[in-house]
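Novice: Any chance you can model this:
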Amino acid sequence: MPRPYWSGQIQISLVSFGVKLFTATESKSEIRFHQLSRKTGERIKHQKVSAGDEGKVESSDIVKGYEYRKGEYVMIEPEEIEQVRIPSKHTIEVTQFVDAEELDPEFFEKPYFVVPENDVQAEAFAVVRKALQSMKKIALGKIAFSGREHLVAVSADTDDKLPGMMAYTMRYAEELRDPKEFFEDIKKVAVDEDQLSLAKELIKRKASKFEPEKFKDEYEAALREMVEAKVKHAPIPKDEPVPTSGKVINLMDALRKSVQGDEAAAAAGKKKAPAKATAAAEAQKGIELVKPAKAHKPRKSA
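Specialist: Numbers count the residues shown, from 1 in each chain. Take a look at the predicted model:
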């Protein structure tokens, strides 16, 4: 198991237990670019230099500085930051519980896995987890790391095969822009009931269970294709411009054709050959076989 990103306590009133947080995400991109000189093709190296005549500055000689007045700074040593007194550096004190649907998606920032610190902490961990799960509540508190204090939400997974909990760092309200600034100029229109009915039908036909493994980073695949083409001195694939048209689209026609097209695709997918063909069907099949076949062969079912 990798090293935990944060270790400490979760405290709910007089109840507390030790936990460890692990980052729940990782970068899967295998494409890495370096900065090169266009003239020589050699890699660019970056050096840290001072604004004065000191020249190159070693990493060990670099400290943080706060500009308290124009051009005047106070130096802050790393150990001084480490010694800043703030309870949430070591303890997530739960201040309230909320229903999951109360938290809008735009508040969520980054996920973490939460596990008990050790077997001794497992009992309290399991009790709190089960309580959150059965009541469908999320615990809110604060946690300090990476140079700031974060609002954090702790929730229990509904799947008992995954006996841990999840923590999500969240954005503060003042970090989110006011949506009115962007939405207030949207033209108000009356929704046609027939169009709404077709739109609902289209959504219903395309509704299915979320399977995250089906979604891949196509941008990385396109980058890799481009890089491989350059290595092999082959033609570089280029993005094709999206055709534009000044033709006004009839929304009702577009919705109707979308639903009809989805119906046709569904019917084609469900169509199966009969187990026993009649003599007439066999004769018809023979006629089809002698025609110049241009149609695609039917796919074999998986």
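
Novice: For the protein, which helix or strand comes out least confident on mean pLDDT?
Specialist: Ranked by mean pLDDT, DSSP states H and E, the weakest helix or strand in the chain is helix 279-289, scoring a mean of 38.

Novice: where in the stretch 51-200 of the chain is pLDDT low?
Specialist: Low-confidence segments of the stretch 51-200 of the chain (pLDDT under 70): 53-54.

Novice: what about the strands in it?
Specialist: Assigned by DSSP state E, counting those that start in this stretch, the strands in the stretch 51-200 of the chain fall at 64-69, 72-76, 91-93, 96-99, 108-116, 137-145, 148-156, 165-170.

Novice: Can you lay out the ones you listed as CSV showing mean neighbour count and distance to K200?
Specialist: The C-beta positions use only the backbone N, C-alpha and C, and glycine is treated the same way. Formatted as CSV, the strands of the stretch 51-200 of the chain follow (neighbours: other C-beta atoms under 10 Å; distance: least, C-beta to C-beta, whole Å):
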stretch, mean neighbour count, distance to K200
strand 64-69, 10, 55
strand 72-76, 11, 58
strand 91-93, 20, 42
strand 96-99, 11, 27
strand 108-116, 17, 28
strand 137-145, 19, 30
strand 148-156, 20, 31
strand 165-170, 21, 32
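
Novice: can you list these in JSON lines and add distance to V57?
Specialist: As requested, the strands of the stretch 51-200 of the chain are arranged in JSON lines below (distance: least, C-beta to C-beta, whole Å):
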{"stretch": "strand 64-69", "distance to V57": "13"}
{"stretch": "strand 72-76", "distance to V57": "14"}
{"stretch": "strand 91-93", "distance to V57": "37"}
{"stretch": "strand 96-99", "distance to V57": "47"}
{"stretch": "strand 108-116", "distance to V57": "32"}
{"stretch": "strand 137-145", "distance to V57": "27"}
{"stretch": "strand 148-156", "distance to V57": "26"}
{"stretch": "strand 165-170", "distance to V57": "33"}
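
Novice: As a check, name the ranges of all helices in the protein.
Specialist: Taking DSSP state H to define them, one finds helices in the chain at 78-82, 122-135, 180-183, 193-206, 218-231, 251-270, 279-289.
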